[in-house]
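K.L.:
return a 3D structure for these sequence lines:
(one chain, ligands or ions: 2)
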Amino acid sequence: MKLTYKFNNDEKRLDIERLDYLSPLDTEIYVREGDTIYVKDGDYLYINQLIKESTSGIKTYATISGTVELKDGIIKVINDKSDSSFVSEEAVSKIDEVKKEEIIKRCESLGIDYENKLIVNKLKGNSRLLIVNAMDVEPYQFNNNYLFQDNVSILLDTISLISKRFNIDAYLLLNKYDDNNVNAVKKVIRNYSDINLKVIEDVFPFNTNQLVVKKFFKEYKYDDILFLDTFALYKIFYAIKNGLPVSERYITVNLGDPNKAYVIKTKYGANVGEMIKETIKVDFIDKDIYLNNFMRKVKCDNLDSLIVTDNIKSVFIFPKEDILPSKCIKCGKCVDICPVGINPLAKKLDSACIRCGLCNYVCPANINLISKEK
Ligand code: SF4
Ligand code: SF4
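P.N.:
Ligands and ions are numbered 1, 2, ... in the order given. Here you go, the predicted model:
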């Protein structure tokens, strides 16, 4: 599916192609020290069956059905392509009557996490405000955008439920340029009197939670706010409604064309390299590969050993010669754009740096200002 997307002040148009990679050959899970493993070599697994639990209570589930192979600290599930699924008896037909204690209990017993943190720990805090930041963390990433587009009503229902049950005000932050989502929400928001919609005009830099608080919610302490992004919210919805973990997520891939991106819906545990080769049909020979935020210039040497987790958000595959740095032309753009007002040119970056990567983004000389070797 191709979509057109307005981006940035000059309203550039961008083609985003939606692809699916929902039946990988296998999935992999790394075993960490102290993990409790609930499967053994040769076991048959259904989708949603528990595989392991970490010392902090985070549980990992099968996202495809098939046979277990246990080797060298890796739990592999070989896909039998039958999509046989474990069904929970905890499913509820509607979420609007679920009580606060039940929301917490469901998230806790499933051990669902987001970015290696237990979601239930966020819900158990004494938050005074809920902010759902539905903006993506960088301008060339569209995962939250698509998850939101695909699930507008259930995400709004979940925000409304948390607001009511936890007795806190709720704000939904959307990016002005996500006009599909803004229009979809505006059509139905009057049915959700407990959700305040905030459409953010500046795409950047208001996508980091610290800056959101500093700019729009000064009267609150950072620790008093329950921040959820759309993936975390979606996991909570799934736990409440179906009593199950989520097995799929979106990943953005960009091949160096500023007018074109791919958003791939895939399974947790799938191999990232195989996913890109199978769906976009590209190889990585003589390419520079960056993960999650190409402005930060975090290089990835080997896509073939990378698996899909919440920590993998986007992959940027650029021809090598495109991003060679040249000499600083002293234009000052990096200093002007820094949202925390520090000097990105300094030999050692000030500790106030939030590693947003904006200085790298604007630098016409392609200098990596966040690198220690600049
Ligand atoms: S120095 Fe660069 S990465 Fe750090 S906060 Fe400023 S603009 Fe962002
Ligand atoms: S943006 Fe790049 S070229 Fe301009 S002053 Fe900063 S480092 Fe130098």
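
K.L.:
identify the residues contacting the residue in the stretch 151-300 of the chain that ligand 2 sits nearest to.
P.N.:
When scored by C-beta to the nearest ligand atom, the stretch 151-300 of the chain has residue 295 as its residue closest to ligand 2, at 12.2 Å. Heads up, the C-betas are built off the backbone N, CA and C, glycines and all. Residues counted as contacts of residue 295 (C-beta atoms under 8 Å, 6 or more residues apart in numbering) are 138, 356-358, 360-361.

K.L.:
domains for the chain, by residue range?
P.N.:
With domains defined by automatic domain parsing, the chain comprises 2-86+246-321, 100-242, 328-374.

K.L.:
find the helix or strand that the residue of the stretch 151-300 of the chain closest to ligand 2 is a member of.
P.N.:
Secondary structure assignment for residue 295, by DSSP states H and E: no helix or strand.

K.L.:
next, count neighbours for the residue of the stretch 1-150 of the chain found nearest ligand 1.
P.N.:
At 11.5 Å from ligand 1, residue 138 is the closest residue in the stretch 1-150 of the chain, using C-beta to the nearest ligand atom. Residues lying near residue 138 (other C-beta atoms under 10 Å) number 23.

K.L.:
the residue nearest to it when sequence neighbours are not counted: which element?
P.N.:
Closest residue to residue 138 in three dimensions, ignoring its sequence neighbours and counting by C-beta to C-beta, 6 or more residues apart in numbering: residue 293, at 4.8 Å. Using DSSP H and E, residue 293 sits in no helix or strand.

K.L.:
hang on, residue 293 packs against residue 311?
P.N.:
No. Residue 293 is not in contact with residue 311 according to C-beta atoms under 8 Å; the separation is 11.9 Å.

K.L.:
between the two, point out the one with more neighbours.
P.N.:
Counted by other C-beta under 10 Å, residue 293 and residue 311 do not tie: residue 293 has more neighbours, with 21 against 10.

K.L.:
and the more buried one, its phi and psi?
P.N.:
Phi and psi for residue 293, reported as degrees, to the nearest 10, are phi -150, psi 100.

K.L.:
now residue 337
P.N.:
Per degrees, to the nearest 10, the backbone of residue 337 is at phi -90, psi -20.

K.L.:
if I look at it, how far off is residue 52?
P.N.:
43 Å (C-beta to C-beta, to the nearest Å).

K.L.:
then residue 158?
P.N.:
27 Å.

K.L.:
and these two? Which one has more around it.
P.N.:
Neighbour count, other C-beta under 10 Å: between residue 158 and residue 52, residue 158 has more, with 24 against 18.

K.L.:
dump the domains of the chain into CSV; add mean pLDDT as well.
P.N.:
Listed next are the domains of the chain as CSV, based on pLDDT from 0 to 100:
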stretch, mean pLDDT
domain 2-86+246-321, 89
domain 100-242, 89
domain 328-374, 84
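
K.L.:
adding distance to residue 94, write these out as TSV.
P.N.:
Shown next, in TSV, are these (distance: least, C-beta to C-beta, whole Å):
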stretch	distance to residue 94
domain 2-86+246-321	19
domain 100-242	8
domain 328-374	40
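
K.L.:
of all these, which lies closest to residue 93?
P.N.:
Nearest of these to residue 93, taken as C-beta to C-beta: domain 100-242 at 8.7 Å.

K.L.:
packing partners for the helix or strand in which residue 172 is found?
P.N.:
Under the criterion of DSSP H and E, residue 172 resides in strand 169-175. On a contact count with 3 or more C-beta pairs under 8 Å, 6 or more residues apart in numbering; DSSP states H and E, strand 169-175 meets strand 129-133, helix 152-165, helix 179-188, strand 195-200.

K.L.:
show me what contacts the closest residue to residue 143 other than its chain neighbours?
P.N.:
Take residue 143 and drop its neighbours on the chain: the residue closest to it by C-beta to C-beta, 6+ apart is residue 250, 4.1 Å away. With contact set as C-beta under 8 Å, 6+ apart, residue 250 has these partners: 142-143, 146-147, 263-266.

K.L.:
let's see 6 Å
P.N.:
Taking C-beta atoms under 6 Å, 6 or more residues apart in numbering as the criterion, residue 250 is in contact with 143, 146-147, 263, 265.

K.L.:
that older thread, not counting sequence-adjacent ones, nearest residue to the residue of the stretch 151-300 of the chain closest to ligand 2?
P.N.:
Residue 295 sits nearest to residue 357 (C-beta to C-beta, 6+ apart), 2.9 Å away.

K.L.:
I am finished for the moment; much appreciated.
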